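>>> the following block contains a protein sequence and its predicted model.
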Amino acid sequence: MRELNFISTGKLEWIERIDPRLITGDDAIVRPIVVGRCDGDTLPIHHRVSRGLQAGLKAGVIDPVVGNICGPVPFQGPFAIGHEAIAEVVETGPYVRNLNVGDKVVVPWSVSCGRCGMCKRGLTSKCTVARDGRAIAAYGFGPACGPYGGMVADLIRVPFAEHMLVPLPDGLDPLRVAAASDNLADGWRTVVPQLRARPGAKVLVLGGGGKSIGLYAAGLAVAHGASKVDYVDTSHRRLDAAHSLGADAHQRTGKSASPRAGYDIVVEASSTASGVRKAIRATAPGGICTAIGYYPGTNTGIPLMHMYANDITLHLGVSHPRAVLPELLDWVHANNFPAEKVTSHLADFDDAPSAYAEHATKLVLHRPALIQA
């Protein structure tokens, strides 16, 4: 089978691998039919970060967890890439009873068992069993995250399949929820629980580094009844997408002042330490700020005294898509939420090596299912 591998910045290639096989009775083999490129994948693809991160780890200015997730030489190719997929089930182990060949399913980016204490708390990306001492057990980040490969592949093995694989509601277009494995679920967790606790809250989204996550968050905030949703970014294309989702879009320039204060809910998706500082200062007293980016530096200058004085909650952490996927998929289907407006580039699955290297807000690969519904 083919598996897309990151070789080096701007270079990706199909590598021939042996077809995966069932290892335990809880496994399934699935065939990806829609794959979204995660915002985080663009970091090594578009920027030469490997040597810089390695040097930063040695100098102590990059947090050591980066090495635990990405290896001692972070993002060193070749490794299998991709961790957002909608797939069709092609084979199941004898203990998998609630899935059938041909079912269309979401494959979460992180591997989880569904039974351990972390999973029962909804922290599925920190599953004790799947991680087995690793920082993360996941697809698409290289061997430091386990033997799972990447999702831009002809076939992938999914452990704990009956828990891991979440069926699509009948009639839901896989292209609409191409990013459900990660980025769409990430946007959901930044605004939906908060708006349920604070109906009609004011929301600010600082876009940029988390290109699609910020847009999903803005659109979901509008759809969940926020009284105001301001989206701030530098990209005209992303500003247009935010506007199409109902948010008020504002262009940020290098000389732009910090956002005004007073937002009940703030989403920091610029993926910069300065963005975190601006987001915190824009958060109203008692508000919640969620930062979704990568912040590898050991000194980010977080304004802790300002947070103390204003009773601000700052939430950082990996997304836990398996915990929210059933509710998210049902809501998107029932409310006809147009998540596909965030997709800027559609490409044929066979063209993955060139398409995956493109500069795009949200790239989605697709191919026909073998078994039609």
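Thanks, I have it.
>>> so Leu4 touches Ile81, yeah?
Yes: counting by C-beta atoms under 8 Å, Leu4 does reach Ile81; the two are 5.8 Å apart. Every C-beta, even on glycine, is put in place using the N, C-alpha and C of the backbone.
>>> who has more neighbours, those two?
Counted by other C-beta atoms under 10 Å, Leu4 and Ile81 do not tie: Ile81 has more neighbours, with 29 against 26.
>>> list the contacts of that one.
Contacts for Ile81 (C-beta atoms under 8 Å, 6 or more residues apart in numbering) come out as Leu4, Asn5, Phe6, Leu12, Asp41, Gly140, Gly150, Val152, Tyr356.
>>> overlap of the contact sets of Leu4 and Ile81?
With contacts defined as C-beta under 8 Å, 6+ apart, the residues shared by Leu4 and Ile81 are Leu12, Gly150, Val152, Tyr356.
>>> which one is the second one nearest to, not counting chain neighbours?
Closest residue to Gly150 apart from its sequence neighbours, by C-beta to C-beta, 6 or more residues apart in numbering: Ala80 at 3.3 Å.
>>> hmm, back to that, any chance of the shared contacts of Leu4 and Ile81 in a markdown table, plus neighbour count?
What follows is the shared contacts of Leu4 and Ile81, written out as a markdown table (neighbours: other C-beta atoms under 10 Å):
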| residue | neighbour count |
| --- | --- |
| Leu12 | 23 |
| Gly150 | 24 |
| Val152 | 31 |
| Tyr356 | 22 |
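>>> separation between Ala241 and Ala369?
Ala241 sits 28 Å away from Ala369, going by C-beta to C-beta, to the nearest Å.
>>> the residue nearest to Gly150 pairs with what?
Asn5 (DSSP bridges).
>>> pull the contacting residues for it.
Applying C-beta under 8 Å, 6+ apart to Ala80 gives the contacts Glu3, Leu4, Asn5, Phe6, Ile15, Tyr139, Gly140, Gly142, Gly149, Gly150, Val152, Ala153.
>>> PyMOL command to pick out the buried ones of those?
Typed into PyMOL, the line below selects the buried ones among the contacts of Ala80, using 16 or more other C-beta atoms under 10 Å:
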select buried, resi 3+4+5+6+139+140+142+149+150+152+153
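>>> which one of the contacts of Ala80 sits closest to Lys211?
Gly140 (17.1 Å; C-beta to C-beta).
>>> that closest one against Phe75, yeah?
No: using C-beta under 8 Å as the test, Gly140 is too far from Phe75 to be in contact (11.3 Å).
>>> Ala241 and Ala369: which is more packed in?
Neighbours per residue (other C-beta under 10 Å) separate Ala241 from Ala369, with Ala241 holding more: 27 against 16.
>>> what is the neighbour count of the closest residue to that one other than its chain neighbours?
With C-beta to C-beta, 6+ apart as the measure, Leu215 is the residue that lies nearest to Ala241, at 5.3 Å, once sequence neighbours are left out. Leu215: 33 surrounding residues under other C-beta under 10 Å.
>>> quickly find the element holding Leu215.
Assigning secondary structure by DSSP states H and E places Leu215 in helix 211-223.
>>> distance from stretch 134-151 to the middle of the chain?
Averaging C-alpha positions (C-alpha atoms, centre = their mean, to the nearest Å) puts stretch 134-151 14 Å from its chain's average.
>>> same thing with stretch 185-204?
Taking mean C-alpha positions (C-alpha atoms, centre = their mean), stretch 185-204 and its chain are 17 Å apart.
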